[in-house]
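# sequence below, structure please.
(chains A and B)
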Amino acid sequence: MGNFDLLMQGFGVAITPMHLLLMVAGVLMGLVVGVLPGLGAPNGVSLLIPLTFSLDPTSAIILLSSMYWGALFGGSTTSILFNIPGEPSSVATTFDGYPMARSGESTRALTLAFMSAGIGALTGVIVITLLAGWASNFALRFGAPEYFAVYFLAFAAFIGMGSAAPMKTLVALTTGLLLSTVGMDTITGSVRLTFGYSELLSGISFLVVVIGLFGIGELLSTVQEGLRFRGVASRIDLRDVLKTIAELPRYWATSARSALIGIWMGITPGGPTAASFMSYGIARSASRKGKAFGTGRPEGIIAPETADHSAGSCAMLPMLALGVPSSATAAVMMGGLMIWGLTPGPMLFATQPDFVWGLIASMYVSNLIGVVLVLATVPMFAALLRIPFAVIGPMIVAICFVGAYTVSNSTFDLWLVLLFGLVGYLFSKLDYPIAPLVLAMVLGHKAENAFHQSMVLSDGSLGIFFANPLVSTIMAVGIALLVVPKVLAFGSRFRRRIPVE
Amino acid sequence: MTVRRFHAEIGTALVTGAVGATAAIGATSLGYGWEESGPQPGYFPFYVGLILIAASIWNLVSAVAAHRQASADASAGGEAEEPFLGREHLDRIGRFMGAMVVFVIATLFLGIYVGSTGYIAYSAWRQGKYRPISALAMGAGFAVSLYVIFEVIFRIPLLKGPIEPLLGIY
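Residues are numbered from 1 along each chain as shown, chains lettered A, B, ... in the order given. Model prediction:
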């Protein structure tokens, strides 16, 4: 069967009343999570995973991915209306989105953002549709050394391509890897690094860590800044919406370029945040004369939004086909997959076609639902930010702790959330990236397994990682990603031109 | 009291280094060498711990270097080092963290429902300047919606304390 037939079959799975309802619910919850400070896509998904244990995996992944899209849309809403990025990946949207909304064109700014986001997401999904079959066939040739090489590549890409200092990324990565080794080791059956605490026997759940790092950590940053919401009126005028949509084709070049950047950064582990900054920077340097960027230029909204969403949806491809997520949210979803008893990777396409293609088909549908819903409900969600922080802050805290408790009904996890909340706050203050830590925690076991198996195969020789053309190529690309970006002076000069606030 | 970025960088690097050292030491007791069937259980954590220590030392050294540079600039009349956390920030964070820790302890003894009701009501009353009765209503409303979502709809039991059984909730 070709990809197209499989996709049609996927639509059959995705378009049922139950699944449509889950998509609407997921997008709405995602909007709430995206709008509220302290609740972002990664920990929103983490909070929801324990609630999905009673659903079948296909319904569960549809709910979670819809929430992700909703969170991406919600993040752009607050960027534009309040100058507060609801998500790290929508920081770049504030540069031009907020000025445009301030000058009385909030409907135009929001429509530009949502339509570009929709276009970006759809381009991303189309790429996934086209590449999925090929990627999984390719990945079927992988053995343990190749898998280890791919994990190495993912880690190397974070260090080499991330915007943070490489050594700080390395600290985050290795901390995540160490956290993943705590508890019962599945290969040797020995208990590792518990230091006598019986609570640690079953390991440290990455869900709890994500809730602490992203939830409590982000709330602490919000508290430290002291919240001042200066919102812009957020009524949506349908005529303005249509006028803005008619204006979109004029910016096709920006859209196309940004979508490509997003696709590239989504498939390689650059992630949506890097994609949106890069796309904004390139749009700015490529723009012809006109109104300055930062004062409400349409391209300044289109570029980061398109790239953000195409990267967000493309991040699902390496997660499904290789089991290597390229964003924190994808990492959490992949952890969910493993909890539901599915093994991400090429075999998933062969053994669970309904799951994979149902998910891909649902991405088309739920992004459409997302664009419509977000336009219809923006005033309502913007009102959430008018609730005083003294009320909404503690509620978010309570939700985070409740969510952490439901992961395994352990009170020990409550302390872990507190601890990782502090870690997340300090890390983000000191520019340590958090996403690599989460990624390493999710991939740690698999990376170690792959390494162990390769070593058994080769009798302890590291030469196995360069034994055939496929694995050597992957390792070479990994090493190149690690070294080249930092060596090239061009690279550093280029990054400096991207504004970071 | 203010915390400078330099202090925070140094402190974080020391802690991450200590984490690496703890892991490496813990791994030595498991064996980090080779046996018949491949690497011993401590192999992976041991070497990852070593990398973490190395990266932490690097961060430590570069923080010191940045600090020296900044002090040199400052004495030369240039810009001084940015303050990391001012008194006001520390105050705000401290109050928020304090309330959160009390909430966690209260939750451990009294359950999530009572803990979150008290926590939200207290914060709405003291920081939000709501009347005590409406603050309490917000807290209670939140706890009731938690109950409905988790225990009624999803059938996931949350942590309960000694008070819920008195109300006939198990």
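# tell me the pLDDT at the nearest residue to B:Gly20 once chain neighbours are set aside?
Setting aside the residues directly before and after it, B:Gly20 is nearest to B:Leu52 in space (C-beta to C-beta, 6 or more residues apart in numbering or on different chains), at 3.2 Å. (C-beta placed from N, C-alpha, C; glycine too.) With respect to pLDDT, B:Leu52 scores 96.
# what's the answer for B:Thr16, then?
On the pLDDT scale, B:Thr16 gets 96.
# I figured it hits A:Val171, correct?
Yes - with contact defined as C-beta atoms under 8 Å, B:Thr16 reaches A:Val171; the gap is 5.0 Å.
# anything in contact with each of these two?
B:52, B:55-56, B:59 (C-beta atoms under 8 Å, 6 or more residues apart in numbering or on different chains).
# top of these by neighbour count?
B:Leu52 (28 neighbours; other C-beta atoms under 10 Å in any protein chain shown).
# nearest spatial neighbour of the residue of chain B found nearest chain A, chain-adjacent residues omitted?
Nearest residue of chain B to chain A: B:Gly128, at 3.3 Å (C-beta to the nearest C-beta). Among residues not flanking B:Gly128 along the chain, A:Ala390 sits closest, at 3.3 Å (C-beta to C-beta, 6+ apart).
# picking that back up, burial of the residue of chain B closest to chain A, as a residue count?
21.
# which ones are touching it?
Applying C-beta under 8 Å, 6+ apart, the residues near B:Gly128 are A:388, A:390-391, B:135.
# from those residues, which single one is nearest B:Ala23?
A:Ala390 (40.2 Å; C-beta to C-beta).
# can you tell me the closest non-neighbouring residue to the spatially most central residue of chain B?
In chain B, the centroid-proximal residue (C-alpha atoms, centre = their mean) is B:Met97; its distance is 9.0 Å. The shortest distance from B:Met97 to any non-neighbouring residue, by C-beta to C-beta, 6+ apart, is to A:Leu220 (7.4 Å).
# my guess is the one you found contacts B:Gly94, does it?
No - A:Leu220 lies out of contact with B:Gly94 (C-beta under 8 Å); the separation is 10.7 Å.
# who has more neighbours, the two?
Neighbours of A:Leu220 and B:Gly94, each counted by other C-beta under 10 Å, are more numerous for A:Leu220; the result is 23 against 11.
# for chain B, which segments count as strands?
B:3-4, B:34-35, B:38-39, B:83-85 (DSSP state E).
# contact partners for the closest residue to B:Ala106 other than its chain neighbours?
In space, and not counting its chain neighbours, B:Ala106 is closest to B:Gly115: 4.2 Å by C-beta to C-beta, 6+ apart. Shown in contact with B:Gly115 (C-beta under 8 Å, 6+ apart): A:398, B:103-104, B:106-107, B:161.
# what's in contact with stretch B:2-18?
A:171, A:175, A:426-427, A:429-430, A:432, B:52-53, B:55-57, B:59-60, B:63-64, B:66-67, B:70, B:81-87, B:90.
# check the closest residue to chain B within chain A and give its pLDDT.
In chain A, the residue that lies nearest chain B is A:Ala390 (3.3 Å; C-beta to the nearest C-beta). On pLDDT, A:Ala390 comes in at 87.
# and what of A:Asn367?
So A:Asn367 comes in at 91 (pLDDT).
# any idea which element it lies in?
Counting by DSSP states H and E, the element that carries A:Asn367 is helix A:353-384.
# what does A:Lys291 give?
Residue-wise, A:Lys291 maps onto no helix or strand under DSSP H and E.
# buried ones in the longest helix along chain B?
As assigned by DSSP state H, the longest helix anywhere in chain B is helix B:87-126. Residues B:89, B:92-93, B:96-97, B:99-100, B:103-104, B:106-107, B:110-125 are the ones in helix B:87-126 that count as buried (16 or more other C-beta atoms under 10 Å in any protein chain shown).
# which stretches of the stretch 101-250 of chain A form strands?
Here the stretch 101-250 of chain A has its strands, by DSSP state E, counting those that start in this stretch, at A:183-184, A:191-192.
# ranking those strands by burial, who's on top?
Of all the strands of the stretch 101-250 of chain A, strand A:191-192 has the most neighbours on average by mean count of other C-beta atoms under 10 Å in any protein chain shown, namely a mean of 20.
# report all helices and strands that that one contacts.
strand A:183-184 (3 or more C-beta pairs under 8 Å, 6 or more residues apart in numbering or on different chains; DSSP states H and E).
# partners of the strand it packs on, with directions?
If you go by DSSP bridges, strand A:183-184 pairs up with strand A:191-192 (antiparallel).
# tell me the mean pLDDT for the partner strand?
On average, strand A:191-192 scores 87.
# touching that strand from outside, list them.
A:181-185, A:201, B:26-27, B:30, B:41-42, B:45.
# cool, and stretch A:194-212?
A:42-43, A:46-47, A:49-50, A:179-180, A:182-184, A:191, A:193, A:328, A:331-332, A:335, A:400, A:403-404, A:407-408, A:410, A:412-413, A:416-421, A:423-424, A:437-438, A:441-442, B:22, B:26.
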